[in-house]
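J.: Build me a model:
(one chain, ligands or ions: 1)
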Amino acid sequence: MKVFVIGAGISGSLVARELSKYDCEVHVLEKAPDIGWGVTKANSAIVHGGYDDPPQSVRAKFAAKGNRLYDELSKELDFDFERVGSLVVAFKEEDINYLKELKERGKKNGVDDLEILEKSELKKVEPNISDEAIAALYCKSAGITEPWEVAIAAIENAVENGAILHLEEEVLDIQTKNQKVSKVITNKGEYEADVVINAAGLFADEIAKMAGVGDFEIFPRKGEYILLDKKLKGLVNTVVFPTPTKKSKGILVVPTVDGGILLGPNAKDLPKSMKYDLGTTPEGLQEVYEKSKRLIPKVELSYTVKTFAGLRPETKEKDFIISATKVWGFVNVAGIRSPGLTAAPSFAKYVVEDILQDQLKINLSKKKDFNPYRKRITNIRDVSLKEWEELVKKDPKYGRTVCFCNNVSEAEIVEAIRRGARTLDGVKFRTRASFGRCQGGFCSLKIVEIISRELNIPMEEVKLNSKNSWIMDGKVRA
Ligand SMILES: O=P(O)(O)OC[C@H](O)CO
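T.: Reported below is the predicted structural model:
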């Protein structure tokens with residue numbers, strides 16, 4: 001049985017890992033040069049409680065269940081995950097009615113740890129909350145993580161268990177025979193295929209069309225963000241939401257797992273032609289700043305480390321499309337907007353256990369030697385001085401700090417390259433080097449040198465991320 005997963009974002013990577021538990025040939029096709037570089041790398045990084053989604057929706061079916069799977073998953077795959085809790089804040093009496101509605105909805109969705117806090121209790125949980133806040137819905141089980149790290153970890157584990165990752169491999173066509181998946185054609189070759197899992201994020205509609213089942217469209221909805229420095233660590237303890245609107249959960253203030261503070265996103269609907277538009281605008285960032293300041297008045301732009309934008313893959317129905325199709329073997333995992341990161345561990349199991357095995361009656365036998373564990377790259381910022389000394393004794397490269405903002409050693413960068421990083425961003429997302437306050441101002445050149453040395457390529461061949469993202473253009477002097 002040959003299964004092709006299209007897309008190495010959070011959805012595709014977790015489906016691939018789930019598939020790697022079984023005796024089948026798993027291929028992951030990703031058109032980008034690395035894992036998690038689409039929708040996965042730019043979102044709010046939240047593991048939601050699961051109370052927000054309409055009870056009959058596909059989102060609700062997987063969100064709360066996905067949340068509960070994060071403890072085990074983060075242990076097995078060794079990524080950061082913290083149940084910091086979330087607050088939906090009310091500023092007016094009518095907001096409180098909405099909080100009550102959300103609490104009821106949460107109950108229906110199986111979320112049983114919701115409580116409405118009065119102002120004084122709210123201040124205890126979140127001392128820097130605006131004085132104008134009058135109440136909040138508190139969900140203790142909500143959490144934060146790093147979405148790209150989840151995807152990288154899942155793919156590393158899937159590959160350890162036999163899956164094959166194809167980077168920079170774009171799907172150009174899907175051929176069917178007698179209403180069954182038959183071949184996947186890419187820019188690099190042609191493959192016989194039995195099953196295709198369409199987890200292509202913003203482009204899932206185009207992939208579905210190739211298979212003749214393109215009965216939905218994906219619209220990009222942009223969200224702009226501002227990342228604030230770790231100096232503000234402790235400014236918020238929980239994920240702080242405003243009372244949501246029909247369109248969006250609103251602009252949030254989120255603590256990140258590495259101690260920063262994330263503000264955003266706004267929600268701008270873009271035409272289908274703008275699936276690559278990741279630009280930020282002064283007005284958009286101003287909106288993000290003002291709305292987050294309304295929640296947490298101490299938010300200050302002078303602590304800005306980075307601004308960026310992400311695109312949500314939205315459908316008309318605003319719901320996930322996770323189902324088999326009339327083409328046997330072609331399965332959609334599409335429209336994975338918020339709370340996609342939360343729901344992914346749950347729907348990944350559903351795809352393999354319910355869709356492939358129960359609905360399509362595919363006989364998959366469990367591997368006896370499946371290894372569920374993956375270890376993260378050892379980081380000098382996480383070890384004691386004694387442990388650091390031991391690491392340096394084993395490999396002196398642990399003693400050479402390259403990124404001083406985030407304390408990343410040369411050994412970690414070499415390890416990231418060994419695990420597949422080929423670009424500055426590949427190193428950044430695996431180690432957090434150049435992710436800190438200076439945004440690579442001091443360490444980028446050193447990282448380029450290390451990539452060049454380890455991969456034995458000229459420095460001017462090292463890219464920031466994509467094919468044409470040149471960093472340097474030959475020598476200034478002979
Ligand atoms: O605006 P929404 O509803 O798409 O929510 C996005 C938030 O960042 C929560 O994940």
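
J.: For the stretch 251-400 of the chain, which residue gets nearest to the ligand?
T.: Taking CB to the nearest ligand atom as the measure, the stretch 251-400 of the chain has residue 338 as its residue closest to the ligand, at 3.6 Å. (Each C-beta comes from the backbone N, C-alpha and C, glycine too.)

J.: same thing with the stretch 51-200 of the chain?
T.: residue 52 (7.7 Å).

J.: what residues are up against that residue?
T.: The neighbours of residue 52, taking CB atoms under 8 Å, 6 or more residues apart in numbering as the test, are 63, 102, 105-106, 244, 249, 339.

J.: just the helices in the stretch 151-300 of the chain please.
T.: When assigned using DSSP state H, counting those that start in this stretch, the helices of the stretch 151-300 of the chain occupy the ranges 204-210, 282-295.

J.: out of those, deepest packed?
T.: Among the helices of the stretch 151-300 of the chain, ranked by average contacts under mean count of other CB atoms under 10 Å, first place goes to helix 204-210 (a mean of 21).

J.: coming back round to it: relative to residue 418, how far out is the residue of the stretch 251-400 of the chain closest to the ligand?
T.: Distance of residue 338 to residue 418, computed by CB to CB, to the nearest Å: 34 Å.

J.: And the pLDDT for the most centrally placed residue in the chain?
T.: Of all residues in the chain, the one closest to the mean position by CA atoms, centre = their mean is residue 147, 2.8 Å from it. In the prediction, the pLDDT value recorded for residue 147 is 98.

J.: how much space between it and residue 270?
T.: Separation of residue 147 from residue 270 (CB to CB): 21 Å.

J.: neighbour count winner among residue 338 and residue 418?
T.: More neighbours surround residue 338 than the other of residue 338 and residue 418, with 23 against 10 (other CB atoms under 10 Å).

J.: you'd agree the more buried one is up against residue 50?
T.: No: with contact defined as CB atoms under 8 Å, residue 338 does not reach residue 50; the gap is 11.4 Å.

J.: circling back: residues contacting the residue nearest to the centre of the chain?
T.: When contacts are counted by CB under 8 Å, 6+ apart, residue 147 is found next to 10, 36, 40-41, 43, 45, 341.

J.: Got phi/psi on it?
T.: Backbone torsions of residue 147, given as degrees, to the nearest 10, read phi -60, psi -40.

J.: What is the end-to-end distance of stretch 142-151?
T.: When the termini of stretch 142-151 are compared using CA to CA, to the nearest Å, they are 19 Å apart.

J.: Check stretch 417-427 too.
T.: End residues of stretch 417-427 are separated by 7 Å (CA to CA).

J.: tell me the mean pLDDT for that stretch?
T.: What stretch 417-427 shows for mean pLDDT is 97.

J.: which other residues reach it?
T.: With CB under 8 Å, 6+ apart as the criterion, stretch 417-427 contacts 33-35, 37, 156, 165, 167, 377, 413, 416, 429-430, 433-434, 440, 444, 447-448, 450-451, 454-455, 462-465, 469, 471.

J.: What about the contacts of residue 52, which one has the most neighbours?
T.: Top of the contacts of residue 52 by neighbour number is residue 63, holding 29 neighbours under the definition other CB under 10 Å.

J.: State whether it is indeed within a strand.
T.: No: note on residue 63: no strand contains this position according to DSSP: H, G, I helix; E, B strand; the rest coil, which reports helix.

J.: The residue nearest to it when sequence neighbours are not counted: what's it in contact with?
T.: Distance criterion CB to CB, 6 or more residues apart in numbering; nearest residue to residue 63, sequence neighbours excluded, is residue 50 at 3.7 Å. Shown in contact with residue 50 (CB under 8 Å, 6+ apart): 60, 63-67, 106, 109-111, 339, 342.

J.: Okay, residue 50 and residue 343: tell me how far apart.
T.: When residue 50 is compared with residue 343 (using CB to CB), they lie 8 Å apart.

J.: okay, and the common contacts of the two?
T.: Listed as contacting both residue 50 and residue 343 by CB under 8 Å, 6+ apart are 63, 65-66.

J.: could you redo those as TSV and give each row pLDDT?
T.: Listed next are the shared contacts of residue 50 and residue 343 as TSV, based on pLDDT from 0 to 100:
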residue	pLDDT
63	98
65	98
66	98
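
J.: quick one on the thing from earlier: identify, from the contacts of residue 50, the entry nearest to residue 5.
T.: Compare each of these with residue 5 using CB to CB and the shortest gap goes to residue 66, at 18.0 Å.

J.: quick revisit: could I get the helices of the stretch 151-300 of the chain as a markdown table with mean pLDDT?
T.: Conversion of the helices of the stretch 151-300 of the chain to a markdown table gives the following (pLDDT from 0 to 100):
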| stretch | mean pLDDT |
| --- | --- |
| helix 204-210 | 98 |
| helix 282-295 | 98 |
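
J.: Out of the ones you listed, which gets nearest to residue 303?
T.: Minimum separation from residue 303 across those (CB to CB) falls at helix 282-295, 11.4 Å.

J.: Could you export that closest one as PDB, CA atoms only?
T.: These are the backbone C-alpha positions of helix 282-295, laid out as PDB (Å, rounded to 0.1, in the frame of the first residue of the first chain):
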ATOM      1  CA  PRO A 282       1.200  49.900   8.900                       C
ATOM      2  CA  GLU A 283      -2.600  50.100   9.300                       C
ATOM      3  CA  GLY A 284      -2.800  46.300  10.100                       C
ATOM      4  CA  LEU A 285      -0.100  46.500  12.700                       C
ATOM      5  CA  GLN A 286      -1.600  49.600  14.200                       C
ATOM      6  CA  GLU A 287      -4.900  47.700  14.600                       C
ATOM      7  CA  VAL A 288      -3.100  44.800  16.200                       C
ATOM      8  CA  TYR A 289      -1.300  47.100  18.600                       C
ATOM      9  CA  GLU A 290      -4.400  49.100  19.600                       C
ATOM     10  CA  LYS A 291      -6.600  46.100  20.100                       C
ATOM     11  CA  SER A 292      -4.000  44.200  22.200                       C
ATOM     12  CA  LYS A 293      -3.400  47.300  24.300                       C
ATOM     13  CA  ARG A 294      -7.100  47.400  25.000                       C
ATOM     14  CA  LEU A 295      -6.600  44.000  26.700                       C
END
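
J.: Excluding its own residues, what touches it? List them.
T.: For helix 282-295, contacts defined as CB under 8 Å, 6+ apart pick out 89, 91, 129-130, 132-133, 222, 224-226, 240, 242, 250-253, 263-266, 268, 299, 301, 307, 309.

J.: repeat that for 6 Å
T.: Counting by CB atoms under 6 Å, 6 or more residues apart in numbering, helix 282-295 makes contact with 224, 226, 240, 251, 253, 263-264, 266, 299, 301, 307, all of which sit outside it.

J.: Likewise for stretch 174-183?
T.: Applying CB under 6 Å, 6+ apart, the set of residues contacting stretch 174-183 is 184, 190, 193, 196, 210-211, 327-330.
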